[in-house]
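S.K.: sequence first, predicted model second:
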Amino acid sequence: NPASGDYFYRIKSISNNGIVAYSKLVNIKVFNRTKEIAVINNPVTTNTIKLQINDSKTGLYKIRLLNNEGQTITTSTIRYQGGSATVSIESSQDLLSGSYQLQLISPENKSTSLKVIVQK
């Protein structure tokens, strides 16, 4: 969780014969995180969906994965402690290629739907 600001990086490489070289200096600007929940491996290629949660309400989240017909494929719950977190959701069924909706119910009963694309 880097703070906002400018960060400078470069790569140091050492060849097999001991020669040291450095890459160009690269400036990375980090801005304030926004409150959001996003699928970070979209399109999904396995039965695992990874969520990134940033600065949302702490507590227990209920999760449902729905197919295009509105049928529930899998359900789970996660406990979010705050800050920035990555959460993996395993589907209890084999996911087929296609479009799904991931529904999250927050501790304050607010519903968020995210589109999930599965490509296998």
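M.R.: Yep, that arrived.
S.K.: strand partners of the lowest-mean-pLDDT helix or strand in the chain, parallel vs antiparallel please.
M.R.: When the helices and strands of the chain are scored by mean pLDDT, DSSP states H and E, strand 26-30 comes last with a mean of 82. Partner strands and pairing direction for strand 26-30 (DSSP bridges) are strand 5-9 (antiparallel).
S.K.: for this protein, give me the ranges with low pLDDT.
M.R.: 1-2, 31-35 (pLDDT under 70).
S.K.: rewinding a little: need the contact partners of the least confident helix or strand of the chain.
M.R.: For strand 26-30, contacts defined as CB atoms under 8 Å, 6 or more residues apart in numbering pick out 2, 3, 4, 5, 6, 7, 8, 9, 10. The C-beta positions use only the backbone N, C-alpha and C, and glycine is treated the same way.
S.K.: and for stretch 72-86, what's in contact with it?
M.R.: Residues outside stretch 72-86 that contact it (CB under 8 Å, 6+ apart) are 1, 33, 40, 50-67, 87, 89-93, 95, 100.
S.K.: span of that stretch from start to end?
M.R.: Distance between the two ends of stretch 72-86: 23 Å, counting by CA to CA, to the nearest Å.
S.K.: would you mind measuring from the residue lying farthest from the centre of the chain to residue 23?
M.R.: Going by CA atoms, centre = their mean, the residue of the chain most distant from its centre is residue 17, 40.6 Å out. Between residue 17 and residue 23 the computed distance is 19 Å (CB to CB, to the nearest Å).
S.K.: go on, residue 94?
M.R.: 43 Å.
S.K.: over to residue 73?
M.R.: With CB to CB as the criterion, residue 73 and residue 23 are 45 Å apart.
S.K.: likewise residue 95?
M.R.: Applying CB to CB, the value for residue 95 to residue 23 is 39 Å.
S.K.: so the two - more neighbours on which side?
M.R.: residue 95 (21 against 10; other CB atoms under 10 Å).
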